[in-house]
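K.L.:
Below are the sequence and a predicted model; questions follow.
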Amino acid sequence: MEIRNCSRCGRIYVYDGFKLCIDCRKEDEEDFQKVKDYLEDHPYSNVMKVSKATNVDSKKIIEFLKEGRLEIRSENNMFLKCERCGKPISQGRYCDKCKVEMERELKRTARVLRPVDKDKKHKEKIKVAYRHKKYNK
């Protein structure tokens with residue numbers, strides 16, 4: 001059981017894989033619902049307007065966008081940019097083009113590393129077999 005301090009409120013909590021305590025996560029979920037409900041009635045509102053109408057901090061709304069829980073529908077997106085190329089995006093952290101490129105690069109890297117791992121395992125098996133023979137004499 002690992003004990004940590006909540007990164008927002010500082011309270012001690014039993015770590016469960018999240019950087020926030022359960023109370024702060026509940027607060028986030030309530031804020032998310034407020035924003036979501038507002039956006040259902042006002043789908044083309046900008047972040048500042050949503051923040052003012054819901055009393056939810058604009059930084060928190062931007063986090064919801066980065067997490068992919070919300071999407072910007074208006075054309076005048078000044079808040080969310082691809083973290084790789086800077087292109088305006090409606091949700092998440094990366095534009096579609098950068099996601100595809102990063103996925104390709106990751107797969108290519110995995111393919112390059114895979115033979116090394118297989119070769120290393122093969123050498124370990126040989127050593128084990130060799131040691132085994134040596135000790136049976």
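P.N.:
Now that the structure is in, tell me what you want to look at. Residues are numbered from 1 along each chain as shown.
K.L.:
Backbone dihedrals for residue 27, both of them.
P.N.:
Main-chain dihedrals, residue 27, degrees, to the nearest 10: phi -60, psi -40.
K.L.:
Over to residue 37?
P.N.:
Per degrees, to the nearest 10, the backbone of residue 37 is at phi -60, psi -40.
K.L.:
same question, residue 12
P.N.:
Torsion angles, degrees, to the nearest 10, at residue 12: phi -80, psi 140.
K.L.:
Can you tell me how far residue 93 is from residue 34?
P.N.:
To residue 34, residue 93 is 23 Å away according to Cβ to Cβ, to the nearest Å. For the C-beta atoms, the positions are set from N, CA and C on the backbone; glycine is no exception.
K.L.:
again but with residue 15, I slipped
P.N.:
Distance from residue 15 to residue 34, by Cβ to Cβ: 28 Å.
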